[in-house]
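S.K.: no letters, just coordinates:
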């Protein structure tokens, strides 16, 4: 077993075992003392009783020490000599030595009590009960064996009741010891299972956190680096076409936009490496959205697909509404929603106009992104939802990523589109839950 018995149970069981050993030692010493003080015993008998008691004590100690070492090795997960198959033989030798001492002196009679405990501990239940009964009968009847005339033996109530009550107490305490031991083992198994469950739960939480972090980083990369690099690819193609046609002015403007986009994506990459704080939000949300609209419009112009992109701010104070009181998570989510939506518009909508409307109210913040593009039917929504805004043919997060951001903040994201009439993406994020 990998773990030890719980502290409380182990302490009680250890106390019982130590008490048994102490009782055996005390009664053995008392038997030697009574034998030496018995004037009816010869010197040879006294010496024999003393030597026999020493032999019994040594034999008893050797058996208990081997058992304790083996039990300690098992608790520590080690292997060693297992004395348990020889426990019955050891007990038989101990009882035989005790019988020899009883023949020498009746002062060793009281050793029968620890011997009863040993029998109940070492032997199977039925065999142990039979052994206890035999020891009781032997102790009560031994005076008849030591006299030539059994009729001369006088048995007092104490001589009979003592061994009988001792046997009953030994049986009761032995069963109580076994019940306590089984309960302690059961608690140890439960503790092992609990530790295993806790370790498994910790591993699952770690794995869940790792997967959640990977998902979050994947959304961040999709909404920033992937879209920025996609724009660079498209602008590079448009620049190549303009260069082949000799439109050097457009080439210079396009190269400037490519450099700007590359610089912004480099800042995003460094943000992932350093502190995962968006550089686009170093100032405020409204300027970041205004810059996003301007960059999107310039990039589309460089690709030869003109798109006007405007920003409108609504709220309690209209255009002067401030976003400084918005939580950082909300501001970042709104910027990512705008980035993802505009990227989808430039990649799929074929629109000529888009409008971003930010509404900052007392209890919620809203963000609407409109385009006058080709729109789509409800049947096309699933494909549009998972589309990644690039030209490589890959699919990825798209609106699924945007919905995940909004839902993480307790908000909702809706998509309203009609073929030929454009699309509106609306995000509503409550503010009361985040205060």
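M.R.: Good, I have the coordinates. Bear in mind that the values here come from a model prediction, so they are computed numbers and not experimental data.
S.K.: got the phi/psi numbers for residue 426?
M.R.: Residue 426 has phi and psi values of phi -120, psi 130 when expressed as degrees, to the nearest 10.
S.K.: for it, what are its contacts?
M.R.: By C-beta atoms under 8 Å, 6 or more residues apart in numbering, the residues touching residue 426 are 366-368, 413-416. Just so you know, the C-beta spots here come from the backbone N, C-alpha and C atoms, and that holds for glycine as well.
S.K.: could I get the residues you listed as a markdown table with distance to residue 201?
M.R.: Shown next, in a markdown table, are those (distance: C-beta to C-beta, whole Å):
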| residue | distance to residue 201 |
| --- | --- |
| 366 | 39 |
| 367 | 38 |
| 368 | 42 |
| 413 | 32 |
| 414 | 37 |
| 415 | 38 |
| 416 | 43 |
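S.K.: which of these fall within strands?
M.R.: 366-368, 413-416 (DSSP state E).
S.K.: looking at this structure, which helix or strand is least sure?
M.R.: helix 381-385 (a mean of 55; mean pLDDT, DSSP states H and E).
S.K.: list the buried residues in the helix or strand just after it.
M.R.: Next along the chain after helix 381-385, taking DSSP states H and E as the criterion, comes helix 399-408. Using 16 or more other C-beta atoms under 10 Å as the test for burial, helix 399-408 gives 399, 401-403, 405-406.
S.K.: would you map the helices across the stretch 151-300 of the chain?
M.R.: 157-221, 227-244, 248-273, 285-302 (DSSP state H, counting those that start in this stretch).
S.K.: got JSON lines for those helices, with mean pLDDT too?
M.R.: JSON lines is the format used below for those (pLDDT from 0 to 100):
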{"stretch": "helix 157-221", "mean pLDDT": "77"}
{"stretch": "helix 227-244", "mean pLDDT": "76"}
{"stretch": "helix 248-273", "mean pLDDT": "74"}
{"stretch": "helix 285-302", "mean pLDDT": "87"}
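S.K.: a markdown table for those, including mean neighbour count and distance to residue 38?
M.R.: Below are those laid out as a markdown table (neighbours: other C-beta atoms under 10 Å; distance: least, C-beta to C-beta, whole Å):
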| stretch | mean neighbour count | distance to residue 38 |
| --- | --- | --- |
| helix 157-221 | 13 | 17 |
| helix 227-244 | 18 | 105 |
| helix 248-273 | 15 | 93 |
| helix 285-302 | 20 | 104 |
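S.K.: let's have those helices in TSV, adding distance to residue 331.
M.R.: Output for those, formatted as TSV (distance: least, C-beta to C-beta, whole Å):
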stretch	distance to residue 331
helix 157-221	14
helix 227-244	18
helix 248-273	15
helix 285-302	4
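S.K.: so which of these comes closest to residue 59?
M.R.: helix 157-221 (20.8 Å; C-beta to C-beta).
S.K.: I'd like to check the angle between the closest one and helix 248-273, please.
M.R.: 170 degrees (axes from the mean of the first three to the mean of the last three C-alpha atoms, to 10 degrees).
S.K.: wait, is residue 323 part of a strand?
M.R.: No. Per DSSP: H, G, I helix; E, B strand; the rest coil, residue 323 lies outside any strand segment and is coil.
S.K.: how close does it get to residue 358?
M.R.: 8 Å (C-beta to C-beta, to the nearest Å).
S.K.: same question for residue 199.
M.R.: 47 Å.
S.K.: test my guess that residue 343 contacts residue 230.
M.R.: Yes. In this structure, residue 343 is within contact of residue 230 by C-beta atoms under 8 Å, at 7.2 Å.
S.K.: surely residue 345 is in contact with residue 351?
M.R.: Yes. If you go by C-beta under 8 Å, residue 345 and residue 351 touch, sitting 5.5 Å apart.
S.K.: and for those two, which residues touch both?
M.R.: 307, 371, 373.
S.K.: dump the residue contacts of the last one.
M.R.: The one in question is residue 373. With C-beta under 8 Å, 6+ apart, residue 373 has these contacts: 345, 348-351, 422-423.
S.K.: among the residues you listed, which ones are in helices?
M.R.: Among the contacts of residue 373, none falls in helices (DSSP state H).
S.K.: in a markdown table: these, plus pLDDT and distance to residue 285.
M.R.: Shown next, in a markdown table, are these (pLDDT from 0 to 100; distance: C-beta to C-beta, whole Å):
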| residue | pLDDT | distance to residue 285 |
| --- | --- | --- |
| 345 | 88 | 20 |
| 348 | 81 | 25 |
| 349 | 85 | 24 |
| 350 | 86 | 28 |
| 351 | 91 | 23 |
| 422 | 89 | 24 |
| 423 | 91 | 22 |
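S.K.: CSV for those, including distance to residue 239 and neighbour count?
M.R.: CSV is the format used below for the contacts of residue 373 (distance: C-beta to C-beta, whole Å; neighbours: other C-beta atoms under 10 Å):
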residue, distance to residue 239, neighbour count
345, 22, 26
348, 22, 18
349, 23, 22
350, 21, 14
351, 22, 22
422, 29, 19
423, 29, 25
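S.K.: just to revisit the earlier point, which among the ones in strands among the contacts of residue 426 end up buried?
M.R.: So, by 16+ other C-beta under 10 Å, the buried ones in those are 366-368, 413, 415.
S.K.: and residue 313, what are its bridge partners?
M.R.: Under the criterion DSSP bridges, residue 313 forms beta bridges with residue 358.
S.K.: wait, it touches residue 287, no?
M.R.: No. Look at residue 313 against residue 287 with C-beta under 8 Å: they stay out of range, at 10.9 Å.
S.K.: which neighbours do the two share?
M.R.: Shared contacts of residue 313 and residue 287, defined by C-beta under 8 Å, 6+ apart, are not found at any residue.
S.K.: which ones are touching the residue nearest to residue 307 when sequence neighbours are not counted?
M.R.: Counting by C-beta to C-beta, 6 or more residues apart in numbering, residue 300 is the residue found nearest to residue 307 once chain neighbours are left out, at 4.0 Å. Contacts for residue 300 were tallied using C-beta under 8 Å, 6+ apart; they are 306-307, 346.
S.K.: so can I have a markdown table of the residues you listed showing neighbour count and distance to residue 205?
M.R.: Below are those laid out as a markdown table (neighbours: other C-beta atoms under 10 Å; distance: C-beta to C-beta, whole Å):
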| residue | neighbour count | distance to residue 205 |
| --- | --- | --- |
| 306 | 10 | 51 |
| 307 | 24 | 45 |
| 346 | 26 | 40 |
